[in-house]
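Student: Return a 3D structure for these sequence lines:
(one chain, ligands or ions: 1)
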Amino acid sequence: MRICRFRLGTEDRVGVVVDGVVHDVTPALDSLPSYRYPLPHFDPLIAALPMLVGKFRAMLGNGPSFPLEELALLAPIANPGKIVAAPVNYRKHLAEAQADAAIHFNTQIKQIHEIGVFLKANSSLIGPSDPVRLAHHDRRNDHEMELALVIGKEASNVAAADALSHVAGYCIGLDMTIRGPEERSLRKSADTFTVMGPWLVTADELGDPGQLDFDLSVNGALRQKANTRDLVLSVPTLIEYASRFYTLHPGDVILTGTPEGVGPVVPGDVMTCGIEGIGRMTVQVIAA
Ligand code: MN
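Tutor: Model prediction:
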């Protein structure tokens, strides 16, 4: 199933995407528990997804529907507890980062085995219908195209062999990055610097996340093209690794890392990206 969030007037709605049509299934969310302070650390929709999927399916064709191209899509996850990201998780990107001073800034770029994963601020998250806003024009601002996965079931000290059973689904992720000497968590957490979309493809529908072609173009010119089989730490291994440090909750996001071909964007640019089995999305870049 392909589950999206979209803006209708001033409302955030939830829809199921079928053949270019979005079926509004928002009333199914009435069955979610109403949480009171202190709020949980998980995303309530994703935590309830196994129950909601049946309700969504039963509602298809029984409510309003909209042509996909008319809708403003929001990030598929409204309230991730955390956004975990994998640095230099493709060998050719490690090589390009080590070779380019405008990427490494005299910081020693090491393999992911040595530096581990990092966190991006939740406040950086947007969907594809909102533009990436560049506030630091004096700096190089790069696109990083990545497979994003969403945790569906609490995961702590999970073995790689069991890791995929903890995944709710997958979407496209853009890990936008200001190049420079500061900590990754600062440079990659600017407002609008995490884009997720166009929708969540549930894990049962996507199948194996380790054989997916993907690409990113800027203004129609191809910049990044790779396959997830070239990940240094595979999706299951990343979940195992991260879950040894953090408890992963439903709705937590893991950005799996970018391949070679990262490069700068400037206001006015248009990024188009797609992942096999998920879909495509187009994201504008503007000045903040
Ligand atoms: Mn990245």
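Student: what does the chain put close to the ion?
Tutor: Residues of the chain lying close to the ion by C-beta under 5 Å from the ion are 144, 175, 258. Where you see a C-beta, it was placed from the backbone N, CA and C, and this is true even at glycine.
Student: closest to M51 among those residues?
Tutor: Closest approach to M51 among the residues of the chain next to the ion (C-beta to C-beta): D175, at 31.2 Å.
Student: In terms of pLDDT, where does the closest one sit?
Tutor: D175 is assigned a predicted lDDT (pLDDT) of 98.
Student: For the nearest residue to it once chain neighbours are set aside, give me phi and psi.
Tutor: Distances taken as C-beta to C-beta, 6 or more residues apart in numbering put E144 closest to D175, at 4.1 Å, once the chain neighbours are dropped. Backbone torsions of E144, given as degrees, to the nearest 10, read phi -130, psi 110.
Student: Pull the number of nearby residues for E144.
Tutor: If you count neighbours by other C-beta atoms under 10 Å, E144 ends up with 23.
Student: Relative to the helix or strand hosting I172, what are the paired strands and their orientations?
Tutor: Taking DSSP states H and E as the criterion, I172 maps to strand 167-175. In the sheet, strand 167-175 lines up against strand 145-151 (antiparallel), strand 194-202 (antiparallel) (DSSP bridges).
Student: Could you export it as PDB, keeping only the C-alpha atoms?
Tutor: The C-alpha coordinates for strand 167-175 follow below in PDB (Å, rounded to 0.1, in the frame of the first residue of the first chain):
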ATOM      1  CA  VAL A 167      10.200  -1.800   9.100                       C
ATOM      2  CA  ALA A 168       6.800  -0.200   8.300                       C
ATOM      3  CA  GLY A 169       7.800   1.000   4.900                       C
ATOM      4  CA  TYR A 170      10.100   3.000   2.600                       C
ATOM      5  CA  CYS A 171      10.200   6.400   0.900                       C
ATOM      6  CA  ILE A 172      12.600   8.700  -0.900                       C
ATOM      7  CA  GLY A 173      14.800  10.800   1.400                       C
ATOM      8  CA  LEU A 174      16.800  13.900   0.600                       C
ATOM      9  CA  ASP A 175      19.500  14.600   3.200                       C
END
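Student: thinking again about what came up before, what's the closest of the residues of the chain next to the ion to R36?
Tutor: Of these, the one sitting nearest to R36 (C-beta to C-beta) turns out to be D175, at 33.9 Å.
Student: Surely the closest one touches S189?
Tutor: No: when contacts are counted by C-beta atoms under 8 Å, D175 is not listed as touching S189 (10.2 Å).
Student: who's more crowded, these two?
Tutor: D175 (26 against 23).
Student: residues contacting the more buried one?
Tutor: 85, 120, 144, 146, 188, 193-194, 255, 258 (C-beta atoms under 8 Å, 6 or more residues apart in numbering).
Student: Sticking with F6, tell me its helix or strand.
Tutor: Assigned by DSSP H and E, F6 falls within strand 2-8.
Student: Kindly provide the whole-number mean pLDDT of stretch 270-288.
Tutor: The model assigns stretch 270-288 a mean pLDDT of 98.
Student: end to end, how far does it reach?
Tutor: With C-alpha to C-alpha, to the nearest Å as the measure, the ends of stretch 270-288 fall 15 Å from one another.
Student: can you check stretch 148-160 too?
Tutor: Span of stretch 148-160 from end to end, C-alpha to C-alpha: 17 Å.
Student: just how off-centre is that stretch within its chain?
Tutor: Computed by C-alpha atoms, centre = their mean, to the nearest Å, the chain-centroid distance of stretch 148-160 equals 15 Å.
Student: mind checking which helix or strand A190 is in?
Tutor: With DSSP H and E as criterion, A190 is part of no helix or strand.
Student: contacting residues around it?
Tutor: Per C-beta under 8 Å, 6+ apart, neighbours of A190: 124, 135-136, 176, 178.
Student: Just the buried ones from these, in PyMOL syntax?
Tutor: Entered in PyMOL, the line below selects the buried ones among the contacts of A190, by 16 or more other C-beta atoms under 10 Å:
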select buried, resi 124+176+178
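Student: Any chance of a markdown table for the contacts of A190, columns secondary structure?
Tutor: Below are the contacts of A190 laid out as a markdown table (DSSP: H, G, I helix; E, B strand; the rest coil):
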| residue | secondary structure |
| --- | --- |
| S124 | helix |
| A135 | coil |
| H136 | coil |
| M176 | coil |
| I178 | strand |
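Student: gap between the residue of the chain most remote from its centre and the ion?
Tutor: The centre of the chain is farthest from one residue, N62, which by C-alpha atoms, centre = their mean lies 30.0 Å away. Per C-beta to the ion, to the nearest Å, N62 is found 41 Å from the ion.
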